[in-house]
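S.K.: Turn this into a model:
(chains A, B and C)
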Amino acid sequence: METALISPANAWLFGFIPTMIFSVLIPVIGVACFTYIIARRAAPLVRARHDPRLNHIGERLMAMLKYAIGQYRQPRYMMAGVIHITLFAGFMILSLRSITLVILGMHSGFVLPGLGGVTGQIYSVLKDIAATFVLAACVVGMVRRGIFRPERYDVPKRYGKDHTSEAVFVLGLITTLVTCDMIFEGAQVAAQLQKGLHPEFLLPGMGSWLAASLLSGSSLVTLQRLHLAAFYLHDMVFFFFLCFLPMGKHFHVITSIPNVFFMKLRKGAIKPVEWGVDETKLDELKSFGVKKFEDFTWKHMLDFYSCADCGRCSDQCPANAVKRPLSPRFISIKCRDYAFKNYPIRGEMTPKDEPLIGAILSEDEIWSCTTCGACEAECPIFLEYIDKIVDLRRGMVDEGMVPQSLQKPLKAIEKRGNPWGKMEKKRSEWTKSLPETCNVKLFENGDEAETLYFVDSISSYDDRMQNIARATACILSAAGEDFGILGKDEKDSGNEVRRFGEEMLYQDIKAHNTEAILDTNVKKIVTADPHAFNTLKNEYTGLPPVEHISQTIVRNIRAGKIRLKPAEDDGKIYTYHDPCYLGRHNGVYEDPRQALDAIAGLHRVDMLKSRDRSFCCGGGGLMLFYEPEEEQRMGVLRVKMALKAGANVIVTACPFCLVNMEDAIKVSGLEGKMEAIDLSELIQRHLETA
Amino acid sequence: MTQPIFAYITHKNGVADDSALELIVAAKKIDPSAPVTAIVCGDGAELDAVCTAMAAVYPEVWKVSSPALAYPNAEVVRGVLVNLLPAGAVTLAPHDTFGMDLSPGLSVKLNAAFVPDVVGIEGVDGVTLKAVRQEFGGQVSTHIHCDMASGVVLNIRSGVFQADDSKASGAVVDKSGQAGDCKAKRRFIEVVAAEVGDVDITKSDVLVSVGRGIEEQENISIAQELADAIGAVVSCSRPIVDAKWLEKARQVGTSGKTVKPKVYIALGISGSFQHMGGLKGNPFIVAINKNSKAPIFQVADIGVVLDLLEFVPELTEKIKEMK
Amino acid sequence: MEILVCVKRVPDTAENEIVVNGKGTDIERGDLVYSVNEWDNYAVEEAIQIRDRVGGSVTVVTVGDGDSEEILRREMAMGADKGILLSDDAFNGSDGRGIASILKSEIEKGKYDLILTGAQADDGAAQVGGMLAAMLDMPYASLVNKIETGSGNTIGIGREIEGGNQEMSEIDLPCVLSIQTGINEPRYVGIRGIRKVASVEIPVHGAGDLGIAAGSVGAAGAKVKRVDYFVPPAGEGAEILEGSSDEIAEKLIELLKSKGGIK
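M.R.: A predicted model of the protein is given here:
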């Protein structure tokens, strides 16, 4: 068959060097380099801790399809998301074309199996479109990164150098790749037209068509040169790009799909201290948590490699928003830079036996996290932060590095089962001022009941929060539930103890509570504290089903056991603040809203940041005892959001949220204009008494 | 009882500490008829000034002069006292950072009994001294019986024995010759002054002082607004400084500043003696605290048992209206 | 440097009201939990930091009953090398001087360069350190909030004195220092740490081991005896303003005006 131009597989350089040599050499060298680089990058992962991620393959594949291939979370940031989806889809389509091109250099007229005939024609059009869109996305991306510079991408001085140049450079490489292909093909078609041969079909308006049009006046010699030059430039850039990816944030191009496949499937539960070590054998471990880099699991290292530096985590992070010394994005970046430094591509690998705290991370940074999970809910490729933070805290606790303000509550929990060190016998004192119609059974007195109301520390002891306990008891009573409390036999649920890295104390109180609960023979557990709800449901084992009071309320409303009075016409506009441990960690978004909407005539609005984008109140449990450096309080920001939504009542469903919201209202000087109330209190007020 | 009583006088810049006038009151509670001798250690003109002043209060003043005593180093002073004091002496010292340094060891060296931080003296029965102390941060008190047959050293809490109008025209006896070599294995180098803040709480006649009851750093503004309304300065107790909510220079107490205001408004301050130790000059004390059992109500003139977070803004508002 | 730290097990009374029992012989201890005296904990941390800096060992010692072993373990979990429990029925009822002389007997069996105590404990007496120094003929400093170790036979110390000032001195070794809170930030001791030292043997020394004559310590040897506990009758203090908060505010303003509290 006569061809318009000599293909790279048959061409000669200077008339005596067959270009085929380059067609073979470039891929061989490229693939060799790439293999070497990947092997070097894999080195720390091999030394890392065990992490079983090969279970639930079906579920993993589905998640991979949805989140990696389907780019499901990308449009949460619309502009960047659309650009990324364009690039990603383009990459997927063009990868076949690139492979074809590489082989074309060795075998003229090569087509991938299955891409001949009509399919090939369709693919050809498709990839024309893809390449053109990728080119457009690159230009938009470069303009956006280089000129508009969204704040999210800023790198504060203390975190190292700006990454814009790297981003723009890579966009430039991609631009070069697609442009080369366009010229390669455009020149071919232009030559075909000049020679009067039947030209390949090019979709008008697309890049290759444009190239063909622009080149239509060029001489055949020029076209031939351009054709070959574009080919080899593509070939070289392609393999350079491949080897460049593992050098920085664009490693995600390679690692993100497996990273999503290996994602953490069960939210709400913190990883064990050491995978494969039974809770009863923890005493035998020499060291706890992450102290040096190699203490991370291989998946957590893969996370560092996979971070695309998109900054969404930190953009959503409440700690970052109030200028605490924590930015989840830079946990990843700093750890990746550290890995690259100690495990370089060339030269000796120098794993350091030094603690990360002090070297690249600071104590305040790690204590600043409220474990709200906003970062994890946002990350398009499912990087984990909470488990890493907790592992780092475990390491600090093991070394005794615990802020003084946290030592007292931890010790008090150890001694008395509550962070204030109050007496055990006073744990049920809140029941003394209950209305007569509400009777709370006490298991410690030998009472029996169907349901256990797990109160947890703050609602048991805090003067203000005891009202939540009373409201909860009244609701349960109104619904005709047969329930009781553990009283002095209840200890703190330990949700925060675990998240603050004191695993052994957590194990102790978990064992104590589990035994106390099982002794009661209850069929069901209800709690109004999402922190207790989370750990009882996700981390305790062998317990009866656990329900949050909002679920109990909705269930009983549906069953007609609870009837609610309509709202008074008092101009109140309610907004529901999703507690992190109810919403993000356990997916309970609808029940509390349904409970509110069951109050006829109640005017409810949602804040801009709600459901899985809810903004943490400032944290509960031990976070109440920690005083981080911050410019303002998270709660204050949250109250402003409620104000902006037009609300004057913030309803929450967590005692810690209520503490922080009420404080924030005072601090913001909004007393009288804004109020906060717990869902259970609001429902109790509207209980229709029979 | 025939045991002689001695009072150790601490002084600074040629002026005796307030405790000097309180110790003689405490001494009279032990034995109203016993002559009480003041012991003043020091050097130069400052020492003479203090001795002269003490001679107007105490019937006898022992003066011990040495360059080694220019700064009150308890290790040196203890050696001096061991040389000077007769067997069976009753020795009083203030329970402050000097007295705590001096007295326990002194009692051992004199083979005398020791009662620290005395808040009450209920008399003597034979050789048994009956005193009152406090334990558990002042939450409970205890009666103490002390065998003073071979002498006793008492550290007296400052402020509990109100100075009376004791007058004397005592003689100053120079005991320097019997003081010994004034050497010790601990040598004073210098005093590093506490950081100076932007406000001098010692210069204000009216202080609005905040304690743990303020709960949150943000609530300090409540105190500041009251202070602004009445022309006062905000001071605080130690927990507030420990939490870094206010600077050290605003702390009232034995480990903070000693202040002598006319009016002291204590917001959410429990009233530990370490705090009250920094409050001198018998000010008019108003305590606002929701805990009616707070020890501050024992020493305050006026008490308000309400939640300060609610009451104080109300009070401030009223004061502003009035103006 | 060989360092000995004297510690005491005390009830944790920060959050809970202390109640005197019916007869006034003691406080109600049934509902109290115990831990190491806060000042002592700072002393142990300081000792560990000094040891880590200059070498040597840290020994913690306490006078108490079998329950006191718990705090020795906690301090060993913190990093102390050795614990010694001084326990004997004959020690019961000792006054400060008795405790000091029991400690002295133990100290004389070893060779220590530095002996630390907390500045005070639950009884607020602040006496044992100073007595111990006098008995051992060692120099003493109380309320120490800074220790600078050098190479010679002296160390630099700072004491917290009135006005928040710091008195700097040089003191010869061996010496006794009582440690003020805030000198350092004591490390956290978790359950894991305590379990690690759970099986370490802690020697118990009684009066016989220490060569102490029975009558010289304990209640028999005490010159100072606590007769009872009591809560002083309330109401002798402030005049409590009554009424609505509005009325109280009015009264208070009048009072403040008359005392020159409002300018």
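S.K.: Could you use CA atoms for every contact and neighbour count after this?
M.R.: OK.
S.K.: longest helix anywhere in chain A?
M.R.: Criterion DSSP state H: the longest helix present in chain A is helix A:164-194.
S.K.: Identify each buried residue in that helix, please.
M.R.: A:164, A:167-168, A:170-171, A:173-194 (16 or more other C-alpha atoms under 10 Å in any protein chain shown).
S.K.: ok, for A:S213, nearest residue in space, not its chain neighbours?
M.R.: A:A190 (7.2 Å; C-alpha to C-alpha, 6 or more residues apart in numbering or on different chains).
S.K.: so what's that neighbour up against?
M.R.: Going by C-alpha atoms under 8 Å, 6 or more residues apart in numbering or on different chains, A:A190 touches A:212-213, A:215-216, A:223.
S.K.: For chain A, give me its nearest residue in chain B.
M.R.: B:E218 (6.4 Å; C-alpha to the nearest C-alpha).
S.K.: which residues does the spatially closest residue to that residue that is not a sequence neighbour contact?
M.R.: Nearest residue to B:E218, sequence neighbours excluded (C-alpha to C-alpha, 6+ apart): A:V667, at 6.4 Å. Going by C-alpha under 8 Å, 6+ apart, A:V667 touches A:636, B:218-219.
S.K.: Out of those residues, which end up buried?
M.R.: Buried among these (16+ other C-alpha under 10 Å): A:636, B:219.
S.K.: So which of the contacts of A:V667 is the closest to chain C?
M.R.: Nearest to chain C among the contacts of A:V667, with distances taken as C-alpha to the nearest C-alpha, is B:N219, at 19.3 Å.
S.K.: Distance-wise, check the closest one relative to B:K260.
M.R.: 25 Å (C-alpha to C-alpha, to the nearest Å).
S.K.: same question, A:F238
M.R.: Relative to B:K260, A:F238 is positioned 81 Å away (C-alpha to C-alpha).
S.K.: Residue 117: how many residues sit nearby?
M.R.: The chain I'm using is chain A. The tally of other residues near A:G117 (other C-alpha atoms under 10 Å in any protein chain shown) stands at 10.
S.K.: Actually, chain B is the one I wanted.
M.R.: 26.
S.K.: ditto for A:L87
M.R.: A:L87 has 24 nearby residues by other C-alpha under 10 Å.
S.K.: Out of the contacts of A:A190, which sit inside strands?
M.R.: In strands, judged by DSSP state E, none of the contacts of A:A190 are found.
S.K.: got CSV for those, with pLDDT too?
M.R.: Conversion of the contacts of A:A190 to CSV gives the following (pLDDT from 0 to 100):
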residue, pLDDT
A:A212, 93
A:S213, 93
A:L215, 93
A:S216, 89
A:L223, 94
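S.K.: Make CSV out of these and add neighbour count.
M.R.: Converted to CSV, those look like this (neighbours: other C-alpha atoms under 10 Å in any protein chain shown):
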residue, neighbour count
A:A212, 25
A:S213, 16
A:L215, 21
A:S216, 19
A:L223, 25
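S.K.: what's the closest of the residues you listed to chain C?
M.R.: Out of those, the member with the shortest distance to chain C (by C-alpha to the nearest C-alpha) is A:A212, at 72.4 Å.
S.K.: if we can go back for a sec, distance of the residue of chain B closest to chain A relative to B:V312?
M.R.: The gap separating B:E218 from B:V312 is 14 Å, by C-alpha to C-alpha.
S.K.: need the contact list for the residue of chain C found nearest chain A.
M.R.: Residue nearest to chain A within chain C: C:Y188 (4.1 Å; C-alpha to the nearest C-alpha). Shown in contact with C:Y188 (C-alpha under 8 Å, 6+ apart): A:397, A:399-402, A:407, C:78.
S.K.: Which of those residues scores worst on pLDDT?
M.R.: Checking pLDDT across the contacts of C:Y188, the minimum falls on A:Q407 at 91.
S.K.: contacts for the one helix or strand that one maps to?
M.R.: Taking DSSP states H and E as the criterion, the element that holds A:Q407 is helix A:404-416. Helix A:404-416 is touched from outside by A:418-424, A:491-492, A:497, A:505, A:622, A:625-627, C:33, C:185-186, C:188, with contacts defined as C-alpha under 8 Å, 6+ apart.
S.K.: May I have it as CSV, with CA atoms only?
M.R.: In CSV, the C-alpha atoms belonging to helix A:404-416 read as follows (Å, rounded to 0.1, in the frame of the first residue of the first chain):
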residue,chain,number,x,y,z
GLN,A,404,0.0,18.3,80.6
SER,A,405,-3.6,19.4,80.1
LEU,A,406,-4.5,15.9,78.7
GLN,A,407,-2.7,13.9,81.4
LYS,A,408,-5.1,14.8,84.1
PRO,A,409,-8.3,13.7,82.3
LEU,A,410,-6.6,10.5,81.1
LYS,A,411,-5.5,9.7,84.6
ALA,A,412,-8.9,10.5,85.9
ILE,A,413,-10.5,8.1,83.4
GLU,A,414,-8.1,5.4,84.5
LYS,A,415,-8.9,6.0,88.2
ARG,A,416,-12.5,7.0,88.1
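S.K.: what's the following helix or strand after it?
M.R.: Where DSSP H and E defines the elements, the next helix or strand beyond helix A:404-416 is strand A:441-442.
S.K.: now that following strand, how far from the centre of its chain.
M.R.: Relative to its parent chain, strand A:441-442 has a centroid offset of 42 Å by C-alpha atoms, centre = their mean, to the nearest Å.
S.K.: Residue numbers of chain A in contact with chain C?
M.R.: Contact residues (C-alpha under 8 Å from any C-alpha of the partner chain) of chain A with chain C: A:283, A:397-402, A:404, A:407, A:415-416, A:420-423, A:502, A:504-505.
S.K.: And residue 19, its phi and psi?
M.R.: Looking at chain A here, since you left the chain open. phi -70, psi -20 (degrees, to the nearest 10).
S.K.: Not quite, go with chain C.
M.R.: Here C:V19 shows phi and psi, under degrees, to the nearest 10, equal to phi -120, psi 140.
S.K.: thought it was touching C:G30?
M.R.: No - using C-alpha atoms under 8 Å, C:V19 is not in contact with C:G30; the gap is 10.5 Å.
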